[in-house]
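Asks: Pasting the sequence and the predicted coordinates here, then a few questions.
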Amino acid sequence: MARRRQIYEGKAKILYEGPEPGTIIQYFKDDATAFNAQKKGTISGKGVLNNRISEHIFTLLGQIGVPTHFIRRLNMREQLVRQVEIVPIEVVVRNVAAGSLSKKLGIEEGTQLPRTLIEYCYKDDALGDPLISEEHIACFGWATQEEMHDIADMAIRINDFMCGLFAGIGIRLVDFKLEFGRLYDGDYSRVILADEISPDGCRLWDMATNEKLDKDRFRRDLGGEVEAYQEVARRLGLLPEGLDTTVLDLDTHRKKREKD
């Protein structure tokens, strides 16, 4: 079957024309980037795992009434989604100090924040996705006040749900990023959750060991990226259970694999 027309290629995904008007095929790549694409590499099988994890989380969010662009998974690497106009704002939800927050404000990584913090960044790789305020958003018309209320409400609701979801499988949801898009119906539009939710855009720490189970393993040259993503998928029930697939200590697991 001929490949459909490519619309866009990003750092982690390729978007193709969908089979019906108003739909897009989202293809998950194995490419890994960090520090606004200054560091590049490949995590073998990452696209397959992220496709499954994102499908699972988006499906659960849909069941609790959060509107999303997700329609269905097509195969191991592709899913069918609704075509939206992406709001040029990256929404970062933080529960625990880590990453840029720790660096900028001198807060020790791992410090529980007194309340959930929502940050906004302007989506522009060339500018390094700079931190912005709601005043910037209003001033430059990147989103309306009503859209920002909806985005903040959804972000808090998604965070509440995902904190519980991951806590139930022994994972601490440190922080994560979200993207939203406008779904049009004639002249009317509403904001819905878009993009993906996966270890690429979440900081996920094992509750017992603080082992990092996310893209920080790539960012910080810790190794074991594939095992970490697999472990998240396994705990979510997306990979077969079994002692040989359980990864609690990534260093030990890697050494075992090397011997085998």
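Replies: On my side now, so go ahead. Just so it is clear, the model here is predicted, and its values are computed rather than measured. Numbers count the residues shown, from 1 in each chain.

Asks: Domain boundaries for the chain, per the record?
Replies: Following the TED database, one gets these domains for the chain: 6-82, 85-236.

Asks: Same list (these) but as JSON lines, adding mean neighbour count.
Replies: (Each C-beta comes from the backbone N, C-alpha and C, glycine too.) As requested, the domains of the chain are arranged in JSON lines below (neighbours: other CB atoms under 10 Å):
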{"stretch": "domain 6-82", "mean neighbour count": "17"}
{"stretch": "domain 85-236", "mean neighbour count": "17"}
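
Asks: weakest of these in terms of mean pLDDT?
Replies: Note on the domains of the chain: domain 6-82 shows the lowest mean pLDDT, a mean of 93.

Asks: Relative to the whole chain's centre, how far out is that domain?
Replies: How far domain 6-82 lies from its chain's middle: 10 Å, per CA atoms, centre = their mean, to the nearest Å.

Asks: now the closest residue to residue 156 other than its chain neighbours, what's its secondary structure?
Replies: Distance criterion CB to CB, 6 or more residues apart in numbering; nearest residue to residue 156, sequence neighbours excluded, is residue 116 at 6.7 Å. Assigned state for residue 116: strand (three-state reduction, DSSP: H, G, I helix; E, B strand; the rest coil).

Asks: Look up how far residue 86 lies from residue 116.
Replies: Distance, residue 116 to residue 86, using CB to CB, to the nearest Å: 24 Å.

Asks: so the residue nearest to residue 212 when sequence neighbours are not counted, which of the three states?
Replies: Once flanking residues are discounted, residue 212 sits nearest to residue 205: 6.0 Å by CB to CB, 6+ apart. Classification of residue 205 using three-state DSSP returns strand.

Asks: wait, residue 205 sits on residue 217?
Replies: No - using CB atoms under 8 Å as the test, residue 205 is too far from residue 217 to be in contact (11.3 Å).

Asks: Which stretches in the protein count as helices?
Replies: 46-63, 99-105, 134-140, 145-167, 216-219, 225-235, 250-259 (DSSP state H).

Asks: for those helices, which one sits closest to residue 39?
Replies: Nearest to residue 39, of all these, is helix 216-219, at 7.1 Å by CB to CB.

Asks: is the residue nearest to residue 90 when sequence neighbours are not counted in a bridge, and if so with what?
Replies: If the residues on either side of it in the chain are set aside, residue 90 comes closest to residue 121, at 4.3 Å by CB to CB, 6+ apart. In this entry, residue 121 is beta-bridged to residue 90, residue 131, by DSSP bridges.
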